[in-house]
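**Q** Here's my sequence, what's the structure:
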Amino acid sequence: MFLKRWICVSISFMLLVGFVPAAAQADGLARQWATSASATSEYSSSDYSASQATGAPNTTVCADSVTAWASSGVQNPNESLTLYFETAVWATQVNIYQTYTPGSITGISLLPAAGGDPIAVANSSDKSTRCPGVFTVDLPSDLASTINGITIYFDQRDLGNWNEIDAVELVGNWPSGEDATGPIDVQESTTNTGPSGMSVTCDNGAAFDNGVEVRVIQMRAGYTYTATAIGLNGFDPVLAVLNSAGRGLCSDDDAAASAYYAFLPTSSDVPASGSSAQVFFANNSNNTFENVSLVVGGLDNTTGEFVLILEGMVLTTADGGGDAISLQITPGMIASGIAPSVYMISTTYGLDPYIAMIDEDYNFLKEEGSKGNYFACDNAGYSCWGESYDLSNYYVSRSGGRSVPGGSYDAMLRTPVEVGNEWSFYNFLMRSAGMNSFGDYTVAFHVGIG
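**A** The predicted structure follows:
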């Protein structure tokens, strides 16, 4: 089964552990200088070496200078300089500082943090930068991987002189969950595991051992959210909203939730029910970001299906590549025989939702083979991996007795599970197509517990 290659197998796994913070500016973008470099050739191993192109600029005039990289000669049409950066980012721009004889750059390529083939950047040759000067390359907005390296290609034969490089800057959006101060180190969840799912005991005495966890990775402080669990065919859900330390709020039969309903292609009609559960919450911790877990189980470990609706989600330019949400696969989910489905429905005109499955480094996942399809969905029913449906005739509830109608641009993914996937996480990145549109959206999960 293809999913075994990438799912994360630890219940305590945190998507963001291990990132190294880079420098940041007031615009919230990550801006960083190269930390290591190599080249097809160097004029010497110290002066003019590839390492002279790392770090911040230190050559201030247009001159042949030992503090910039230079190739061993000028007659090789295939010289290149490769630079690496500490933090992988959703790259938006590259700035190349040239301090002698600009005009020989024939193009650049980007190096994905997860490895694989370099990504050639169209229209990235330079014939007009002044000396000294900065050659700026704006990158495409639909990159499918975070970037931590750049290769610059040169042909110096026409100018007959060295095109020297003093520094290279990589600019990009932080991976989801980082801001100008770098990643947030959070505690692991202390929630226990039962025989078929997560174990939760609420203050009011409600308890279950078959919970399904939906973990919102690094939820931003200052926003309020509403999570609602609606059971199908008499299933009575209990909902717990927990912080990374396993503390939080529980709900069983909630009056406000009793007005919620849904109609989705995988669940069909989900009528309003007095046994629905709801929690209104915010990230009020001292951390700017916090992992928040929504855990749904059956009262007294009953089994069935539910739809979990999360309101209050907002996609902004500060979200880097998008919002990460992880669904933990439990034995109960596998036993139900129901493939879990996730929906992203815009509540803002103009937002074009896009869901992608990602690995722990925020790289998009795809089927094996050079022409493998990404596990992603743009317009459900038309341009999605796997089974999907046009959402134009579907809807979910929201607060105030309103509903969120689906549209032809909304997205869904239905993901198979099987024995062997237990306690793994399926990681979803909620974003827009090309990260070209922004706004409010609602997330819905349809899940079974066997």
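**Q** residue contacts, the nearest residue to residue 445 once chain neighbours are set aside?
**A** Among residues not flanking residue 445 along the chain, residue 308 sits closest, at 4.5 Å (CB to CB, 6 or more residues apart in numbering). All C-beta spots, glycine's among them, are computed from the backbone N, C-alpha and C. Applying CB atoms under 8 Å, 6 or more residues apart in numbering, we find residue 308 in contact with 214, 227-229, 239, 294, 296, 444-445, 447.
**Q** Going by distance to residue 422, which of those wins?
**A** Relative to residue 422, the closest of the contacts of residue 308 is residue 447; by CB to CB it sits at 14.6 Å.
**Q** Now name the helix or strand holding residue 357.
**A** strand 353-357 (DSSP states H and E).
**Q** Would you mind writing the CA trace of that strand as CSV?
**A** What follows is strand 353-357, C-alpha atoms only, in CSV (Å, rounded to 0.1, in the frame of the first residue of the first chain):
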residue,chain,number,x,y,z
PRO,A,353,-9.2,25.9,-1.7
TYR,A,354,-6.5,23.3,-2.3
ILE,A,355,-5.6,20.3,-0.1
ALA,A,356,-2.3,18.4,-0.3
MET,A,357,-1.0,15.5,1.6
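**Q** From the contact counts, what lies against that strand?
**A** strand 341-346, strand 376-377, strand 411-414, strand 424-432 (3 or more CB pairs under 8 Å, 6 or more residues apart in numbering; DSSP states H and E).
**Q** and it, which strands flank it?
**A** When pairing is defined by DSSP bridges, strand 353-357 lines up against strand 376-377 (antiparallel), strand 424-432 (antiparallel).
**Q** would you turn the ones you listed into a markdown table with distance to residue 32, mean pLDDT and mean neighbour count?
**A** Shown next, in a markdown table, are those (distance: least, CB to CB, whole Å; pLDDT from 0 to 100; neighbours: other CB atoms under 10 Å):
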| stretch | distance to residue 32 | mean pLDDT | mean neighbour count |
| --- | --- | --- | --- |
| strand 376-377 | 28 | 94 | 26 |
| strand 424-432 | 22 | 91 | 24 |
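**Q** closest to residue 168 out of the ones you listed?
**A** If we rank these by CB to CB, the stretch that ends up nearest is strand 424-432, at 27.0 Å.
**Q** tell me the angle of that closest one relative to strand 341-346?
**A** Interaxial angle, strand 424-432 versus strand 341-346 (axes from the mean of the first three to the mean of the last three CA atoms, to 10 degrees): 20 degrees.
**Q** now strand 424-432: how far from the chain's centre is it?
**A** 7 Å (CA atoms, centre = their mean, to the nearest Å).
**Q** just stretch 249-259 next, same as before
**A** On the basis of CA atoms, centre = their mean, stretch 249-259 sits 31 Å off its chain's mean C-alpha point.
**Q** May I have it as PDB, with CA atoms only?
**A** Extracted C-alpha coordinates of stretch 249-259, given in PDB (Å, rounded to 0.1, in the frame of the first residue of the first chain):
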ATOM      1  CA  LEU A 249     -12.500  21.200  27.300                       C
ATOM      2  CA  CYS A 250     -15.100  18.400  26.800                       C
ATOM      3  CA  SER A 251     -18.600  18.400  25.400                       C
ATOM      4  CA  ASP A 252     -21.300  15.700  25.000                       C
ATOM      5  CA  ASP A 253     -24.900  16.800  24.300                       C
ATOM      6  CA  ASP A 254     -24.700  20.500  23.500                       C
ATOM      7  CA  ALA A 255     -27.700  22.700  22.800                       C
ATOM      8  CA  ALA A 256     -26.000  24.900  20.300                       C
ATOM      9  CA  ALA A 257     -24.600  21.900  18.400                       C
ATOM     10  CA  SER A 258     -28.100  20.400  18.200                       C
ATOM     11  CA  ALA A 259     -28.900  22.800  15.300                       C
END
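**Q** Export the helix or strand that residue 308 is a member of to PDB, keeping only CA atoms.
**A** Element membership of residue 308 [criterion: DSSP H and E] is strand 304-315. Output in PDB follows, covering the C-alpha atoms of strand 304-315 (Å, rounded to 0.1, in the frame of the first residue of the first chain):
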ATOM      1  CA  GLY A 304     -20.400   4.600  14.400                       C
ATOM      2  CA  GLU A 305     -19.700   7.500  12.100                       C
ATOM      3  CA  PHE A 306     -19.400  11.300  12.600                       C
ATOM      4  CA  VAL A 307     -18.800  14.500  10.800                       C
ATOM      5  CA  LEU A 308     -16.400  17.000  12.600                       C
ATOM      6  CA  ILE A 309     -16.800  20.600  11.500                       C
ATOM      7  CA  LEU A 310     -14.100  23.200  12.400                       C
ATOM      8  CA  GLU A 311     -15.000  26.800  11.900                       C
ATOM      9  CA  GLY A 312     -12.800  29.900  12.200                       C
ATOM     10  CA  MET A 313     -10.000  28.800  10.000                       C
ATOM     11  CA  VAL A 314      -8.300  31.600   8.000                       C
ATOM     12  CA  LEU A 315      -5.700  31.400   5.200                       C
END
